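> For reference, the sequence and a predicted model appear below.
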Amino acid sequence: MAETGLQARPLGAGITHSIGETTLSVIARKELLAIAYPPAMAAQVEVALGALPTPATSTALSTGQQILWVGVGQLLCFGTSPLGEGATAAKLEDSGYVTDLSDGWIALDLSGPDAQARLDLLTLPDLSDEAFAVGAVTSTPIGHLRVVIWRKTQTQFVLLSAASSALSLIQTLQDELALLDRVSETIR
């Protein structure tokens, strides 16, 4: 009997789409934890995690993870580290709650010298350098989907969204970026 092997792959693995100098790709699986805490416990959460971002920003932990501020008493912990849901919950003790979103969310990378200008046309918030500096975080719709946007570098954005809508988000981004490319060529 022939042996059949199945290999687990992250949703959207291998998808890369380039338009002009902008590239959209799926980020290899990373840990994504949601951390919720009462605002009165912020000091304890900061001690437990080692850092706490200010509103609408992110901060790097010594473990290599990024902590993204997504609302009052709400954080996303993104990256690869030895910490998991249990270890993070243990560090927080009774100051907060942790939920592992790793299998329920997808991370996309949108990068290139014109990534900000293209993304700015698809979203409501102002993503200009002055209004949305490196490390900034926002949550906004893109098309009909809610997306958390983190500006990782000057020319790189990480987009986080529900995995159940991942292919719809990827298709929306590909379609919108292609449309913007055609419109800009027409104007030239």
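Nice, I can see it.

> By residue count, which helix of this protein is the longest?
When the chain is parsed with DSSP state H, its longest helix is helix 166-187.

> May I see the buried residues of it?
Buried residues in helix 166-187, counting neighbours by 16 or more other CB atoms under 10 Å, are found at 166, 169-170, 172-173, 176-177, 180. Glycine gets a C-beta too; all of them are placed from N, C-alpha and C.

> how distant is stretch 99-117 from the center of its chain?
Relative to the chain's own centre, stretch 99-117 is displaced by 4 Å; criterion: CA atoms, centre = their mean, to the nearest Å.

> got the CA positions of it in PDB?
Extracted in PDB, the C-alpha atoms of stretch 99-117 (Å, rounded to 0.1, in the frame of the first residue of the first chain):
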ATOM      1  CA  THR A  99      -5.800  33.700  24.800                       C
ATOM      2  CA  ASP A 100      -3.800  32.000  22.100                       C
ATOM      3  CA  LEU A 101      -4.900  33.300  18.700                       C
ATOM      4  CA  SER A 102      -2.100  31.800  16.700                       C
ATOM      5  CA  ASP A 103      -4.300  29.300  14.800                       C
ATOM      6  CA  GLY A 104      -7.100  31.800  14.400                       C
ATOM      7  CA  TRP A 105      -5.300  34.700  12.900                       C
ATOM      8  CA  ILE A 106      -3.100  35.300   9.900                       C
ATOM      9  CA  ALA A 107      -0.200  37.700   9.500                       C
ATOM     10  CA  LEU A 108       0.600  39.400   6.200                       C
ATOM     11  CA  ASP A 109       3.700  41.400   5.300                       C
ATOM     12  CA  LEU A 110       3.100  44.400   3.000                       C
ATOM     13  CA  SER A 111       6.500  46.000   2.100                       C
ATOM     14  CA  GLY A 112       8.300  48.200  -0.400                       C
ATOM     15  CA  PRO A 113       9.100  51.800  -0.900                       C
ATOM     16  CA  ASP A 114       5.500  52.600  -1.900                       C
ATOM     17  CA  ALA A 115       3.700  50.300   0.600                       C
ATOM     18  CA  GLN A 116       2.700  53.200   2.800                       C
ATOM     19  CA  ALA A 117       1.200  55.200   0.000                       C
END
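
> tell me which residues of it are tucked away?
100-102, 105-112, 114-116.

> report the longest strand in the chain, please.
strand 145-153 (DSSP state E).

> between the buried residues of stretch 99-117, which is nearest I27?
A107 (4.0 Å; CB to CB).

> in which helix or strand would I find that closest one?
Counting by DSSP states H and E, the element that carries A107 is strand 105-111.

> Give the rounded mean pLDDT of that strand.
Across strand 105-111, the average pLDDT comes to 94.

> counting contacts, what elements does that strand pack onto?
Secondary-structure packing of strand 105-111 (3 or more CB pairs under 8 Å, 6 or more residues apart in numbering; DSSP states H and E): strand 22-26, strand 156-162, helix 166-187.

> Compare the mean pLDDT across those and name the weakest.
helix 166-187 (a mean of 80).
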